[in-house]
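# The sequence and its predicted three-dimensional model are supplied below.
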Amino acid sequence: KAGVTQTPRYLIKTRGQQVTLSCSPISGHRSVSWYQQTPGQGLQFLFEYFSETQRNKGNFPGRFSGRQFSNSRSEMNVSTLELGDSALYLCASSIAPGAAYEQYFGPGTRLTVT
Amino acid sequence: QQQVKQSPQSLIVQKGGISIINCAYENTAFDYFPWYQQFPGKGPALLIAIRPDVSEKKEGRFTISFNKSAKQFSLHIMDSQPGDSATYFCAASASNTGKLIFGQGTTLQVKP
């Protein structure tokens, strides 16, 4: 069974631009969560989607948004990029939402903002 | 109340030794405690997880010990190998959400 896939793997953007990252969950998984990983802040929760609905959102500004499609694939968007948005963005999928179900991470998208 | 505190920040162990990483939490609503292993350039990989109805869970060389009253849990890696050299994260979540709260991570180096 294929794992979580994320595209692109690497991205370089300029301050002020916007970016869209994509995540395809493991087949049969319907819940997708996004995390930001930086050396200073560690792994921080961004949002969780299930059945095309956002169930939870972390403490990030409104510039960070996401959505989930009917096939469970998910995208996240960051508008008006700032230098501090440089990070590894990780997507995790699970069969369903909630702590009863294990989350499996993709390899991440490395975003560099210059 | 949302924090998970992890220690030590870094750990050096000789091959064959025992690696021990500790985590503490405050939110009593947390009821799922996974550990993830991350190699450079890779996403975190689920290693082992425990729920508070048991005090210990063992999978191969990896054991989680859980102390509900102290709100602490730890990962023990027995017979540590150089291939275990990675960053380890503890995490916690509550049953009504898939939101994982992660510790700051421990960089483990196992010397041959």
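Everything's here; your move. Numbering: from 1, shown residues only, chains lettered A, B, ... in the order given.
# ok, which residues in chain B are in contact with chain A?
B:31-32, B:34, B:36, B:41-46, B:49, B:89, B:91, B:93-105 (Cβ under 8 Å from any Cβ of the partner chain). Bear in mind the C-beta positions are built from the backbone N, C-alpha and C, glycine included.
# 7 Å instead, please
Within reach of chain A by Cβ under 7 Å from any Cβ of the partner chain, chain B has these residues: B:31-32, B:42-44, B:46, B:49, B:89, B:93-100, B:102, B:104-105.
# of those, buried ones?
Among those, those buried by neighbour count (16 or more other Cβ atoms under 10 Å in any protein chain shown) are B:31-32, B:43-44, B:49, B:89, B:93-94, B:97-100, B:102, B:104-105.
# of all these, which comes closest to B:I12?
Taking Cβ to Cβ as the measure, B:I12 lies nearest B:G105 of these, at 15.3 Å.
# From A:E102, how far off is the closest one?
As judged by Cβ to Cβ, to the nearest Å, B:G105 and A:E102 stand 19 Å apart.
# ok so, going back, mind checking which of the residues of chain B next to chain A are in helices?
Using DSSP state H, no member of the residues of chain B next to chain A sits in helices.
# what's the weakest-modelled helix or strand in chain A?
strand A:53-57 (a mean of 93; mean pLDDT, DSSP states H and E).
# can you give me how far the helix or strand harbouring A:E48 is from the chain middle?
Here A:E48, judged by DSSP states H and E, is contained in strand A:42-50. In terms of Cα atoms, centre = their mean, to the nearest Å, the centre of strand A:42-50 is set 7 Å apart from its chain centre.
# Check which helix or strand the most centrally placed residue in chain A maps to.
Against the mean C-alpha coordinate of chain A, by Cα atoms, centre = their mean, the closest residue is A:W34 at 3.2 Å. Per DSSP H and E, A:W34 falls inside strand A:31-38.
# Equivalent analysis for A:G66, please.
Secondary structure assigned from DSSP H and E places A:G66 in strand A:64-68.
# How many neighbouring residues does the closest residue to B:S10 other than its chain neighbours have?
Take B:S10 and drop its neighbours on the chain: the residue closest to it by Cβ to Cβ, 6 or more residues apart in numbering or on different chains is B:T107, 4.6 Å away. Neighbour count for B:T107, taken as other Cβ atoms under 10 Å in any protein chain shown: 14.
# where's B:T107 relative to chain A, distance?
As for B:T107, its distance to chain A is 11 Å (criterion: Cβ to the nearest Cβ, to the nearest Å).
# ok, that residue touching B:V13?
No. Applying Cβ atoms under 7 Å as the test, B:T107 and B:V13 come out as separate, 11.5 Å apart.
# Which residues of chain A lie near chain B?
Residues of chain A found near chain B (Cβ under 7 Å from any Cβ) are A:31, A:33, A:42-43, A:45, A:48, A:56, A:90, A:94, A:97-100, A:102-108.
# Filter these down to just the buried residues.
Among the residues of chain A next to chain B, those classed as buried by 16+ other Cβ under 10 Å are A:31, A:33, A:42-43, A:45, A:48, A:56, A:90, A:94, A:97-99, A:103-108.
# Excluding chain neighbours, what is closest to A:Y101?
Spatial nearest neighbour of A:Y101, excluding adjacent residues (Cβ to Cβ, 6+ apart): A:S94 at 4.1 Å.
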